[in-house]
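Q: Give me coordinates for this.
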Amino acid sequence: MYRLSIYDTQFSEEAAVLKHYGLDNLNPEYWEEEPDNRKSVRYSMSDFNNGIAGDELSDDVDPLGLKKSVLGQDTPGKFGLDDFDKEKLQIFVGTKSFNPKFFLHKVHNDTPYADLLRGAKFLRYTLDQKSEELRSLVQDNFDRFVSAKNTIDTVYGEMKAQSLNAESDYGVSKLDKALSEASDRAEQLFGPVLANRNKAEKIRSTLSVLEKYKYFFNLPSNLMDSIKQQKYDVAIRDYKKGKVVLDSTMGAEGADTNGSGSYSSEREYDETALSVQYRRVFDKVWLEVDKIMEEMKDQLFEQLTEPWRSMEEQEKTINILLELETAEDPVWHYLDSQYKFIIDLLKESYKEQLSKIETLKETLPKNSSSDKDLAIRLKKSIRNVNIRDFDSLIAGKEMDVQMWKAILEIVKSLSDLLLRCLPDFWKLSKSFMDGKFQKSPAVLSANKRRRQGMDLRKVDQCEKMASGVIELYASFLSELFALSPVPNEIPDTPTIKYENPSFVPLHSDSVTTCYFLTRILNEMNECVNDINSINMASDASGTLSQLMDQARWRFLEVICQAWNADAKNFYLLEDWTLDQDNREITNFLRNFHIFHKYNSRSAYKIASQNYIPDNDNDKSSTIPENYLFKIKETFLNSLYAYLEGLVHLVFTEYTPLEPVVEREPTDIIHKSRIDPSQMDSRILLTISNLSNLKQLMIPRIVNQFETAYKCSMADDTQALNTVVDQLDGILFDDYIKRKTEIVRNIIINGILSNEIDWSNISKPGEVHSFVYEALLSLVLVHAQISDIAKPLINRALTALLESMAIDCLEAFQKVEKFSLGGMCQATLEIEFMNQTLSQYVTPQAQETLQIIYTTIEQLYDTTSGTDRLDSELSSVKQFLVDGRKNTSLQFLCFKKPK
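A: Numbers count the residues shown, from 1 in each chain. Here you go, the predicted model:
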């Protein structure tokens, strides 16, 4: 008990020291800068006077005792070090950062000197008190140090007294005995464990084998994981590595069993037995591996039949199967399955799209549309082409547009499928035929050499399969468009009648037909060009070339037929609206030019060997003779049909194509200023249209045709101009004839009227009213022509003047005789007409007028006062001047412009 008390005292003292100094052990190696939490002894002046102990004061009390707090606070308090920054810590005397100068500067910078002296005395008093405490501490604990020294001496003496020496094992003999007993006890407890030592060794040996060949035993699960993740290259690598491990392991174990004898017979027996034992395990594992690899082969072969896999994936799959040396050729397996898939896909797509067309045909109206309905459709199509609004053209809800879109969809669908499948199929076939998937003959096994020979026999079959796909594509399009061989000879006689094939929608105008046929041919042409670019067999190329030739000819026939049909009914589009740029012709000409140009260009696109885009100015393509003959024939026929329609317009009552819509006031300037219900108005505008047609339109469109098709049309142009002249003459003569009849009646009735006795007129007077009436009728004609076709004024009035002169001559020839006054009166009236219409007098009219003067002179009765002739002629001149002056406003339109 005494010993324990000594030890307790010692330990408690050490703990107190460690705690006091904040140490972990009694032998510190470095000084730790920690906040000094020990309480500093600081006193105030009141403490100095009253003798209060320093440990009762606060941390922030002034050590000089002059202030309650160094912080300037009224009430002192305790503060942690974290409450202040480093600068403030310098004014606390209890910290290691205390700076006397800084303290005096910050705390007592305004303290009087006398106070500082008193504070210094207070500080010395405080230090004396601290020294006294330290002396008291040593004096109070001196007995403890003495007691500790005595305790140590006592313990040492007892150790000698108890014989704790080497002879008595320093007092541990009992411990040794206890350990011996524990050893015996352990021997009894662990005996069975030691008995199983041999078994443990054997288990350890087996585990070492498993650990050594851990990769091999994990091979089945690794293969299954790789196959599940479709990492077939990793699976093959692991498979080959496992096979190498298997072969090397089996060989190594055989060498161990037939060693050099350096091992004991027992060890050799154990090695041999173990080898036989795990050989069976290895074989079982490898059997599972083979089963997994067979399943992977089946999976890869299944992937080869999946048509939408990319070519890169399929080539990778084929190479994997070739690397596995499968019994079936993977290349041929892929080609065969892909060929069947492409064939079935083309058939299915064609059948599905064709059924849609048949459904649309069933919804078509059974009765045929009227020419008026077709003309409305054509007018709308021309308007869309003029503003290049092809989206509106194809967005129409009309049944023919829906039919065309369905036909276009068939071609696009078949072409897209062909381009999606055939290039990859041919690429792999070409690689197969070129031996890309064959290894070097030096490393080929006998089985692979036999398979290589078999592949060579299938080369021809590959070409036949590719050609079969092309032929199926061509056969579907041939059936759809009812294609037939292209005639090589130009027919001797023009085409009289042509029946449209069944695929052409009923009631489709030529512009819509041209648009869709050019798009369809473009789709086919792009598909054929792409197929030809992969350099397939010549048979396939020939099939595609024949398909395109026949399609071009068939499409050209359809376009020409629609072109001719629309040209015959084109006159229905005339609404007698004046052209905005030329107010003397109608929009009819502009629409026909758009119609004719678009159809002509579409025919060129169809007939040319290469498709020409709209913005391509290169016209280098050569048009075959039979195509050129067909297009030229249609080109001319449509022009003649158009001219024929012009005549029909004039002599047929005008009926608006569509209901008349009231225009806004801003649209008045764009409307015609004529009344189309009047024949005169229609004739004049038609004559003006014919003039523009001859002078501008025909030369322009013929020149465009000659440039594009590289042919001469001089004779055809002359023939067209002849027809235009004939029509012009017919229409103009009809107009003049009706106007002349009015003037003739006025003239004849005026000259031969009973109210005028030419033989009894004593002296000339004013111009008779019939002359004014005849001239006013010409003013009306002038006004009518000026309002409709101003360039025709001179031509019309010239013709009317010539006719009026003839009428005057005919009438005066029926007069028996003229007196002097009658002769002067007749001369006055003829001269009045002559001078009023002077700018329209032609040589022929002048000649007729001279004959009139001669006739009047011949019928003059010389017995009726020839002596007054000069004076009467003077009065005639005066009457002529007065008459011209008085009618200058009425006949101002006849005045020749300056």
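
Q: tally of neighbours for the nearest residue to residue 571 once chain neighbours are set aside?
A: The shortest distance from residue 571 to any non-neighbouring residue, by Cβ to Cβ, 6 or more residues apart in numbering, is to residue 645 (2.9 Å). Quick note: C-beta positions are derived from backbone N, CA and C, even for glycine. When counting by other Cβ atoms under 10 Å, one arrives at 19 neighbours for residue 645.

Q: Could you do residue 175 as well?
A: For residue 175, the number of neighbouring residues by other Cβ under 10 Å comes to 10.

Q: Tell me which helix or strand it sits in.
A: Taking DSSP states H and E as the criterion, the element that holds residue 175 is helix 173-189.

Q: distance between that helix and the chain's centre?
A: With Cα atoms, centre = their mean, to the nearest Å as the basis, helix 173-189 stands 93 Å off its chain's centre.

Q: CA atoms only: put that helix into PDB for me.
A: C-alpha atoms of helix 173-189 as PDB (Å, rounded to 0.1, in the frame of the first residue of the first chain):
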ATOM      1  CA  SER A 173      10.000 -17.600 -11.100                       C
ATOM      2  CA  LYS A 174       6.400 -17.700 -10.500                       C
ATOM      3  CA  LEU A 175       5.700 -16.100 -13.800                       C
ATOM      4  CA  ASP A 176       7.800 -18.700 -15.500                       C
ATOM      5  CA  LYS A 177       5.900 -21.500 -13.900                       C
ATOM      6  CA  ALA A 178       2.600 -19.900 -15.000                       C
ATOM      7  CA  LEU A 179       3.800 -19.700 -18.600                       C
ATOM      8  CA  SER A 180       4.900 -23.400 -18.600                       C
ATOM      9  CA  GLU A 181       1.400 -24.400 -17.500                       C
ATOM     10  CA  ALA A 182      -0.100 -22.200 -20.200                       C
ATOM     11  CA  SER A 183       2.100 -23.900 -22.900                       C
ATOM     12  CA  ASP A 184       0.900 -27.400 -21.800                       C
ATOM     13  CA  ARG A 185      -2.600 -26.300 -22.000                       C
ATOM     14  CA  ALA A 186      -2.200 -24.800 -25.500                       C
ATOM     15  CA  GLU A 187      -0.700 -28.100 -26.600                       C
ATOM     16  CA  GLN A 188      -3.800 -29.900 -25.600                       C
ATOM     17  CA  LEU A 189      -6.100 -27.300 -27.200                       C
END
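
Q: still on that earlier bit, for the residue nearest to residue 571, give me the pLDDT.
A: As predicted, residue 645 sits at a pLDDT of 91.

Q: what do you get for the one 5 residues further on?
A: The predicted local distance difference test score for residue 650 is 89.

Q: so it touches residue 685, yeah?
A: No: taking contacts as Cβ atoms under 8 Å, residue 650 lies outside contact range of residue 685: 9.0 Å.

Q: For these two, indicate the residue with more neighbours.
A: Counted by other Cβ under 10 Å, residue 650 and residue 685 do not tie: residue 685 has more neighbours, with 26 against 22.

Q: Return the residues in contact with that one.
A: For residue 685, the set of contacting residues under the criterion of Cβ atoms under 8 Å, 6 or more residues apart in numbering consists of 576, 585, 586, 674, 788, 789.

Q: Adding neighbour count and distance to residue 419, write these out as TSV.
A: Conversion of those to TSV gives the following (neighbours: other Cβ atoms under 10 Å; distance: Cβ to Cβ, whole Å):
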residue	neighbour count	distance to residue 419
576	21	51
585	22	49
586	24	48
674	20	57
788	24	59
789	24	58
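
Q: where's the dip in pLDDT among these?
A: Minimum confidence in the contacts of residue 685 sits at residue 674, scoring 71.

Q: Which of the helices or strands spans it?
A: Secondary-structure assignment from DSSP H and E places residue 674 in no helical or strand segment.

Q: follow-up on the earlier one: as a whole number, average confidence for the helix holding residue 175?
A: Summarised as a single mean, pLDDT over helix 173-189 is 79.

Q: Offset the numbering so it begins at 680, please.
A: Sure thing, new numbering starts at 680, so read that last one as helix 852-868.

Q: That helix packs against which elements?
A: Secondary-structure packing of helix 852-868 (3 or more Cβ pairs under 8 Å, 6 or more residues apart in numbering; DSSP states H and E): no helix or strand packs against it.

Q: For residue 1096, see how far away the closest residue to residue 1042 other than its chain neighbours is.
A: Excluding the flanking residues, the one nearest residue 1042 by Cβ to Cβ, 6+ apart is residue 1078, at 6.8 Å. Computed as Cβ to Cβ, to the nearest Å, the residue 1078 to residue 1096 distance reads 27 Å.

Q: for residue 1366, same thing?
A: When distance is defined by Cβ to Cβ, residue 1366 is 58 Å away from residue 1096.

Q: again, but for residue 777
A: Noted for residue 777: a distance of 96 Å to residue 1096, by Cβ to Cβ.
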